[in-house]
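Student: mind looking at a prediction? Sequence and model below.
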Protein chains: 2
Amino acid sequence: MPQAKAYSVASATSPFESDTIPRREPTATDVAIEILYCGICHSDLHQARDEWHDAMPTVYPCVPGHEIVGKVTAIGSEVTKFKVGDTVGVGCLVDSDHTCPNCKNNLEQLCPNMVLTYNFPDRHGTAPVTYGGYSESIVVDEKMVLRIPDNLELSATAPLLCAGITTYSPLKRGGVGPGKKVGVVGLGGLGHMGVKLAKAMGAHVAVFTTSPSKSDDAKRLGADEVVLSKDPAQMDAQAGTFDFILDCVSAKHDINAYLNLLGADGELCLVGAPSEPLEVNAFTLLMARRKLSGSLIGGIAETQEMLDFCGQHNVTADVEVIPIQQLNAAYERLEKSDVKYRFSIDMASIKGA
Amino acid sequence: MPQAKAYSVASATSPFESDTIPRREPTATDVAIEILYCGICHSDLHQARDEWHDAMPTVYPCVPGHEIVGKVTAIGSEVTKFKVGDTVGVGCLVDSDHTCPNCKNNLEQLCPNMVLTYNFPDRHGTAPVTYGGYSESIVVDEKMVLRIPDNLELSATAPLLCAGITTYSPLKRGGVGPGKKVGVVGLGGLGHMGVKLAKAMGAHVAVFTTSPSKSDDAKRLGADEVVLSKDPAQMDAQAGTFDFILDCVSAKHDINAYLNLLGADGELCLVGAPSEPLEVNAFTLLMARRKLSGSLIGGIAETQEMLDFCGQHNVTADVEVIPIQQLNAAYERLEKSDVKYRFSIDMASIKGA
C-alpha cells in the first residue's frame, strides 16, 4: 500500500505531528491528487478534539481537512472527467451511494450512505477511517472531484470547497440577487464568504456585528452597510426590510431579533449550528410568513456551479497561508477566532516534514 | 345611521347579549350583506375575552365573527363585481391600503394598513372599531368581498373564510399535491380543514394525534393514516418521510419531534401560534435542509382561489349549526375543544332576538 506524508493527532488532547498514512492505488474510477493547499475549517478542530463525541466520535489517528485543492497525478482506466495535470478540488464528501433519491436529486450531502472526507469508515479498507487533506496526497472517485477555474489563486480557493459551498447553496436557493436585501450574521470563515458571494450575486448586503471594529473590514469585503446588533435603534430601523439572512453563528443567540428583520416571505437560514436549542417566537414567523431554515454544504453539481461562479466573479476566500509546521499554533488562534478569515496550509511545506 | 341587530360582549368577563350596532350606508364601492351564517373561530374567543390584551386590546362592546357568508342586499353606484342577491363571503379583512408592496403582491393580510373585520379602528367613523359577523348584516368594500360557489352548503362554508384559507394557503404554497406526504398536527377547527384540503389536493395525508379515540374521525375526514404522537416507535417509523407538515397546535409542544419527520427540503408550517417560544434544534434543520415557517390566513385573491377549489372539490367544514341564542354555551364548549369541528351560527335566529 502506498504511503503518504500527513499531519495527524493521536488523541483529543494531542498536538498535530508528522505522520505517514496509507493511500490506496487508484481504482479504475479514481483520481490521485497531489494536494497543494488545504483550508482549515472549524469542523476540523471539533473533530480533532473529539468535540462531537456523541454524534461522530473521533477515531485516532485523525487527519482532518476537507478544503482541498491539488493537481491530478494519476487516473484510473475508466476516468473520463479528468486528466493528469488538471487542477482539482475535493470538499467534504468522498463518496455517496449515487442511487438514493437524494443522490438522484444531486443532494449527495444528504445521502444516507455518504462518506465524509475524514473520520468516516473507509469502504476501500485502506484504513479504519478516511483521512483528510492535511496530507501530501489523496485518492478520490472522479464523481466526487471538482474542477477548479484557471483564474483563481489556489491558496485562497481551497476554502471554497467547504466555506464557499456552505454559504453559496442557501444564498442561491434563497433567490439572492439584484434587488434583494441580504443580511449576514457572524463575520468569520463562513460569514466573510457569505458577504462576498451575496455581493457577487448582485444583492444589497448588510453585515450584523457586535463589534464596531469589524465595520471597515465588512465594507472592504463588500458589505453595503454594517448594523451593530447590540444597538436596538439600529436593529429597529431594519425591521421587516430583509429578503434573506444568512446566520453563520455557532453560539446560542437571539434568533427572533433577526427573524423580525425579515419582510414578507423572508428566510433566515442557519449554516452555523448552535448546540443549544434556539428559542423561536411563533408569532414572529406567522405575522410575515417568515421561514427559519438550515443548510448543509451542497451536492457535487452545486459545488461545481459555485466554483464556476467564483471563477466568473473572481471570488475567493481571504486567507492566511501557513506552512503545515504551524498547524498547532493556527488551531490555537482559530479557537479564539483570530484569523482573517481562513487558514490555508501550503502543502509544499510537508515535503520537508 | 342604520342600526343592525348583533350579539356583543360588554367586557372581558361578560356573556354575549343581544345588542344593536351602527352599520354605515353603502358608499359607492360598498356591498351591503345580509349575514346568513357566521363561523365561530377561536380568535373570536381570544378577542372577546381580551386574551390578546398586550398585542390587540379589546374595545367594548365587542362583536366578533370573521367567517361570514350572506346575500348581497344593496350595492354602491360603482360596484361591478357583485349584484343584489349574490351569495358572498367576508373573512378576516375588510380593508387594506391596496397600494403597498404587500397589497400589490396580493398579500393584503400583510398590509401595514389593513383593517380587520372586528375590533379594529373603523376608518369610516361608523363606530370606534369594526364590528364582525355576529350580526344580521355588514357593509364591506367590494374589493374585500368573496364569491361563494353555488354548490356549497352555506352553514358549512362560513368556516372556510378563516379556517379554510389559513390551512389552504400554506398547503398550496408548500407544493402539496399528488405524490406528496403531508402531516397534520392537531385535529381541531384548523386541522380538520387541513386534512380535507390536503386530501383534495391529492396528497397522502397522515394525522398526528395524542388520542387513539380520534383515529376513526381522522380517517373519516380523509386521513390515509393516523400516527400516535406519544408512541416513540410510531414516530420513529415516520422519520424523514414527510414533505410537508401543517402544525395547527396553539399550545407549546415539542417541535423537533415533528421537524425530524421531514425529509430533505421538507417544511413544517405553523398556523397555530403558541405563546411560549418553541425550542428548535438547529442540527435538525441543517441535516436535511428543513424549514420551519409560519403562515397567516391569505390574501383576497388566494381566498377566492380557495373557495373556488372548495367548490370544485365539494370541500366544506364539519359544523355544528347553532342559533345565536346558544352563543355563550358554544363558547364554553369551544374552550374545552368540545366541537366537531366548528360552530356555525344560523343568523336567521337573530331576527327574533
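Tutor: Nice, thanks for sending it over.

Student: please make it C-alpha for all contacts and neighbour counts, starting now.
Tutor: Will do.

Student: may I have the lengthiest strand in chain A as CSV, with CA atoms only?
Tutor: Counting residues, the longest strand found in chain A (DSSP state E) is strand A:30-40. The C-alpha trace of strand A:30-40 is given here as CSV (Å, rounded to 0.1, in the frame of the first residue of the first chain):
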residue,chain,number,x,y,z
ASP,A,30,-10.2,7.0,-9.1
VAL,A,31,-8.2,10.2,-9.4
ALA,A,32,-4.9,10.5,-7.5
ILE,A,33,-4.3,14.1,-6.4
GLU,A,34,-1.2,15.9,-5.1
ILE,A,35,-2.5,18.3,-2.5
LEU,A,36,-1.3,21.9,-3.0
TYR,A,37,-3.4,23.7,-0.4
CYS,A,38,-5.8,22.7,2.3
GLY,A,39,-8.0,25.1,4.2
ILE,A,40,-8.6,24.8,8.0
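
Student: so which elements touch it?
Tutor: Using 3 or more CA pairs under 8 Å, 6 or more residues apart in numbering or on different chains; DSSP states H and E as the contact definition, the elements that strand A:30-40 packs against are strand A:68-75, strand A:137-141, helix A:154-157, strand A:342-346.

Student: distance between whatever helix or strand comes next after the third one and the chain's centre?
Tutor: Using DSSP states H and E, the helix or strand that follows helix A:154-157 towards the C-terminus is helix A:163-173. Between the mean C-alpha location of helix A:163-173 and the chain-wide mean there is a distance of 9 Å, by CA atoms, centre = their mean, to the nearest Å.

Student: hmm, who's touching helix A:163-173?
Tutor: The set of residues that contact helix A:163-173 without belonging to it, under CA atoms under 8 Å, 6 or more residues apart in numbering or on different chains, is A:41, A:189-191, A:193-194, A:197-198, A:244, A:246, A:269, A:271, A:295-298, A:302-303, A:306, A:317.

Student: check stretch A:311-321 too.
Tutor: A:149-153, A:155-157, A:159-160, A:164, A:192-193, A:196-197, A:200, A:310, A:339-346.

Student: ok, A:T29 to chain B distance?
Tutor: 29 Å (CA to the nearest CA, to the nearest Å).

Student: hmm, I was thinking of A:H253
Tutor: Here the distance between A:H253 and chain B works out to 12 Å (CA to the nearest CA).

Student: for the closest residue to that residue other than its chain neighbours, give me its contacts.
Tutor: Taking CA to CA, 6 or more residues apart in numbering or on different chains, and ignoring the residues beside it in sequence, A:H253 has A:L278 as its nearest neighbour in space, at 7.4 Å. With contacts taken as CA under 8 Å, 6+ apart, A:L278 has the following neighbours: A:252-255, B:278-282.

Student: narrow these to those in strands?
Tutor: Among the contacts of A:L278, the members falling in strands (DSSP E) are B:278-280.

Student: show me which of these is closest to B:H124.
Tutor: Comparing the ones in strands among the contacts of A:L278 against B:H124 with CA to CA places B:L278 closest, at 39.5 Å.

Student: picking up where we left off before, just the contacts of helix A:163-173: which are in strands?
Tutor: Checked against DSSP E, the contacts of helix A:163-173 include these in strands: A:244, A:246, A:269.

Student: which residue sits closest to the last one, ignoring its sequence neighbours?
Tutor: The spatially closest residue to A:C269, leaving aside those adjacent along the chain, is A:S293, at 4.6 Å (CA to CA, 6+ apart).

Student: who does that neighbour form a beta bridge with?
Tutor: Residues in a beta bridge with A:S293, per DSSP bridges, are A:C269, B:K291.

Student: now for it, how many residues are close by?
Tutor: Applying other CA atoms under 10 Å in any protein chain shown, we find 26 other residues in the vicinity of A:S293.

Student: and the lengthiest helix in chain A, what's buried?
Tutor: Taking DSSP state H as the criterion, chain A has its longest helix at helix A:300-313. Buried residues in helix A:300-313, defined by neighbour count with 16 or more other CA atoms under 10 Å in any protein chain shown: A:300-311.

Student: same thing with stretch A:233-248?
Tutor: Going by neighbour count (16+ other CA under 10 Å), the buried part of stretch A:233-248 is A:235, A:238, A:240-248.

Student: before we move on, what about stretch A:91-109?
Tutor: Residues of stretch A:91-109 classed as buried under the neighbour-count rule (16+ other CA under 10 Å) are A:91-96, A:98, A:100, A:102-103, A:106-109.

Student: what do you get for stretch A:182-194?
Tutor: A:182-194.

Student: cool, and stretch A:33-40?
Tutor: Using 16+ other CA under 10 Å as the burial criterion, the residues of stretch A:33-40 that qualify are A:33-40.

Student: and what of stretch A:212-225?
Tutor: Buried, per 16+ other CA under 10 Å, within stretch A:212-225: A:215, A:218-219, A:221-224.

Student: and the contacts of it?
Tutor: Defining contact as CA under 8 Å, 6+ apart, one finds that stretch A:212-225 is touched by A:187, A:192, A:195-196, A:199, A:204-207, A:209, A:226, A:228.

Student: got the residues you listed as a markdown table, with pLDDT and distance to A:A330 columns?
Tutor: A markdown table is the format used below for those (pLDDT from 0 to 100; distance: CA to CA, whole Å):
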| residue | pLDDT | distance to A:A330 |
| --- | --- | --- |
| A:L187 | 94 | 18 |
| A:H192 | 98 | 19 |
| A:V195 | 98 | 24 |
| A:K196 | 98 | 24 |
| A:K199 | 98 | 29 |
| A:H204 | 98 | 33 |
| A:V205 | 98 | 30 |
| A:A206 | 98 | 29 |
| A:V207 | 98 | 26 |
| A:T209 | 92 | 24 |
| A:V226 | 97 | 28 |
| A:L228 | 96 | 29 |
